[in-house]
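S.K.: Need the 3D shape of this:
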Amino acid sequence: MKAQHVAREYITQLYRREVLKSLMMLWKVLLAELGDRCHTSTAFDLKTVERRVEHEGLSFLTITLPQFGKDFERSLETGQVDRQAFQGFSWSAGLPKFLSGFLNRVFNSSSGRILDNPDIDAIQAVRQLTLIYSKLFILPTKEKKHAAMLGYVQCDREVREGDLHRCGGEHDLDRARFRTVGTLLAGSVLAELELSAFGRTTLASAVGAYGFDPVPGHLGRSGGPEGLPFPYQEPQRYVGGHDPDLVPVHGPGATADRLKGNQKWRMNYWPKRLKEVFHPVDFLIPNYSFMSDLDEMDFAEPDAEIPVRVIAVPKTQKTPRIIAIEPTANMFMQKALQNRLYELVERDNLLNAFIGFTDQTPNQRLACEGSITGELATLDLSEASDRVSCQHVEDLCNRFPDLFRGLMAVRSTKADVEGIGIIPISKYASMGSALTFPIEAIVFLTMVFLGIQKELMRPLRQSDLYRFVGRVRVFGDDIVVPVDYVNSVVETLESFGLKVNRRKSFWTGKFRESCGKEYYDGHDVSIVRIRTLAPELREDAQELISWVESANQMFKSGLWQTTKWLDSFISGILKDYPVVAETSPVLGRHSFCGYEYSRVGGRYQVPLVKGYVPRSIIPVNKLDGSAALLKWFSSRSDMPIADEDHLERSGRPLVVDIKRGWYQPY
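M.R.: The predicted structure follows:
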């Protein structure tokens, strides 16, 4: 047993050395190329990194260097290098010695103040060298997972205490203002969403009058069981008060009750809380003739509900990402409300100008503009989704009680926290709920305009909102606001229990960051990040795909020598690594000169090249009967579902593989 342990430990150490060797080789090539670009010596920097990696291991590349990069960004923001920053690095006069050749081109070497015309290439070089491994996906240790779970519980406790604190006195007035501003911004969308979910109640009287539940009316006839008339106006796909546009669907992800793929359409669990608002007869059977399918349904009492499952997934070596896996039934109806809400926001010209759900480019453009004019600030929130409370949602839906009832019915009320147990939750929903992203965006936007109203010292009017189009934008926890109102906005966000991450929020200098893009004085200083450890074998498909993508991003960034090294490294693993167009499915190199091909062939006699293509094998997961019919009705289209095998295979791929063959290079 001892010999096996020693052998295992030896293999682990050997693997770690190989991992570090590949990462260090890449960093060394990158350092040399950026040093040449900025005309500075990098010999001391290389020795420093080699020495510290030898003693500190991978954590130096994934934790210490990224912290240096964050301190550098903060120095750009303040216009001055702070002596309290760059901890763990030696200093010379007003700057750290490490990367001093680059820093001297950005800051004054004696005073530490930013230069009037700092070198943009040097700014990007420092960020690239220090942050390249900041997002490396690494499995968290047990200690860090447990610490993250304790943080989740502590965050929920703070949300609960914050809700209690905001009751009575001046806080009631703040909440009243929140309700008014929220209605001004999103009232029309929320009203229409409420109408979609509860507006058509023409069958409500059928329950009491005839003794049976409301039934789907898309059969195209005006009679019910035994010819009893229904008092509805027109055939609908879903009735019982529900608009035909409120169509639930299942996502591909995991669920708390561990149903996968097509089996989600056969679920037999429906919480009683959910039933009181969204009756399963409206959503779980294709038509009335399948009512018997609901006989075995488990209508769980609140204390017997399946809790949301809270787990940790890889994010960075410093901390894992915490996500919540919802029960199938809850997620089913969350998706229905989410899809409808997305549609309504996109149709609302005003609200759509302030928030986005799929397109990050408006935030990025405003970040660029803010870096030039200095008139726009970029804010980032910590634990954003976990700090939106039920109280926030209640105030937002103050004039829409039925909608609030629906939003509360689809949320989970307790969580099974890994390593801790089951706890009641005060937050509205964690990352993982389909409604977290859209609801938090509207809540954050309301708080932003509440801060603007406070600065204006008068109630907001509809006409005021149009003045802020192109100056205020919310995408998730990335927020853009005018600098003139930033202090009031930050104060308002924090007064409602949110945490503004000041280390990632910028408004005084010329550096701005939003939605994955960074700018300094209008120049794009975004960088390429390595997301996975280096692949060793062709079987390391996920790592190979990621490194090929990184190599092509380096190519676009003009880092030719680094790209050349990456191409050589990948070619040592893949037998074929051709030049292909960006639109090609083949794992290959991109080029401004087009693509290459080896022969013309195939059914249509097109150019072909030999290479590897990612292949995901969808698990076998058959579906038939009424559940298959229900899946078709939920496609929101009269056309057949594009995937011909969707009733045979479904769910997320168990593994990702790459397959060698002849494919189109474009």
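S.K.: In terms of secondary structure, what does whichever strand or helix holds Tyr152 contact?
M.R.: Tyr152 belongs to helix 142-165 when assigned by DSSP states H and E. Here helix 142-165 touches strand 308-313, strand 321-325, strand 414-417, going by 3 or more CB pairs under 8 Å, 6 or more residues apart in numbering; DSSP states H and E. Bear in mind the C-beta positions are built from the backbone N, C-alpha and C, glycine included.
S.K.: Out of those strands, which is closest to Arg127?
M.R.: Nearest to Arg127 among the helices and strands packed on helix 142-165 is strand 321-325 (22.3 Å), distances taken as CB to CB.
S.K.: quick one, what contacts the residue nearest to Arg127 when sequence neighbours are not counted?
M.R.: Using CB to CB, 6 or more residues apart in numbering and skipping residues adjacent in sequence, the residue nearest Arg127 is Ile527, 5.2 Å away. By CB atoms under 8 Å, 6 or more residues apart in numbering, the residues touching Ile527 are Gln124, Arg127, Gln128, Leu131, Ile132, Glu518, Ser557.
S.K.: what's the first-to-last distance across stretch 489-507?
M.R.: One end of stretch 489-507 to the other measures 12 Å (CA to CA, to the nearest Å).
S.K.: quick one: average pLDDT of that stretch?
M.R.: The pLDDT scores in stretch 489-507 average 95.
S.K.: ditto for stretch 444-456
M.R.: Stretch 444-456 comes out at a mean pLDDT of 97.
S.K.: need the contact list for the closest residue in space to Glu305 that isn't next to it in sequence.
M.R.: Spatial nearest neighbour of Glu305, excluding adjacent residues (CB to CB, 6+ apart): Pro271 at 5.0 Å. The contact partners of Pro271, taken as CB under 8 Å, 6+ apart, are Phe299, Ala300, Pro302, Glu305, Pro327, Ala329, Asn330.
S.K.: Likewise for Leu95?
M.R.: Leu95 sits in contact with Val81, Leu103, Asn104, Phe107, Ser109, Gly112, where contact means CB under 8 Å, 6+ apart.
S.K.: Which of the residues you listed sits closest to Ile425?
M.R.: Nearest to Ile425 among those, with distances taken as CB to CB, is Val81, at 42.6 Å.
S.K.: I'd like the distance between that closest one and Thr130.
M.R.: Distance, Val81 to Thr130, using CB to CB, to the nearest Å: 14 Å.
S.K.: Where does the prediction get shaky in the stretch 201-350 of the chain?
M.R.: Scanning the stretch 201-350 of the chain with the threshold set as pLDDT under 70 gives 201-244.
S.K.: That should have said the chain, apologies.
M.R.: Along the chain, the parts satisfying pLDDT under 70 run over 1-17, 199-244, 636-643.
S.K.: how does it look with 50?
M.R.: 4-12, 14-15, 200-242 (pLDDT under 50).
S.K.: Give me the domain ranges for it.
M.R.: Listed by automatic domain parsing, the domain ranges of the chain are 2-131, 144-191+308-524, 541-663.
S.K.: Tell me the one of the contacts of Pro271 nearest Asn117?
M.R.: Here the nearest of the contacts of Pro271 to Asn117, counting by CB to CB, is Asn330; it sits at 55.3 Å.
S.K.: Quick check: the gap between the residue nearest to Arg127 and Pro66.
M.R.: Taking CB to CB, one finds Ile527 at 11 Å from Pro66.
S.K.: Hmm, Phe437 is touching Phe357, no?
M.R.: Yes. Using CB atoms under 8 Å, Phe437 makes contact with Phe357 at a distance of 6.5 Å.
S.K.: In terms of neighbours, single out the busier of the two.
M.R.: Set side by side, Phe437 and Phe357 show more neighbours around Phe437, with 19 against 16, by other CB atoms under 10 Å.
S.K.: got the contact list for that one?
M.R.: Gln338, Phe357, Ser385, Gly476.
S.K.: Now a ChimeraX select for only the buried ones of these.
M.R.: This is how ChimeraX selects the buried members of the contacts of Phe437, with burial counted by 16 or more other CB atoms under 10 Å:
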select :338,357,385,476
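S.K.: Out of the contacts of Phe437, which is nearest to Ser59?
M.R.: Minimum distance to Ser59 across the contacts of Phe437 is 27.7 Å, recorded for Ser385 (CB to CB).
S.K.: For Ala429, see how far away the closest one is.
M.R.: 7 Å.
S.K.: tell me, what's touching the two both at once?
M.R.: Thr436.
S.K.: got the contact list for Val528?
M.R.: Gln128, Ile132, Ser550, Gln553, Met554, Ser557, Leu559.
S.K.: Over to Phe511: give its phi and psi.
M.R.: phi -100, psi 130 (degrees, to the nearest 10).
S.K.: Neighbours of it, how many?
M.R.: If you count neighbours by other CB under 10 Å, Phe511 ends up with 26.
S.K.: again, but for Gly594
M.R.: 12.
S.K.: ok, so what distance separates the residue lying closest to it once chain neighbours are set aside from Val600?
M.R.: In space, and not counting its chain neighbours, Gly594 is closest to Ala581: 7.0 Å by CB to CB, 6+ apart. The gap separating Ala581 from Val600 is 16 Å, by CB to CB.
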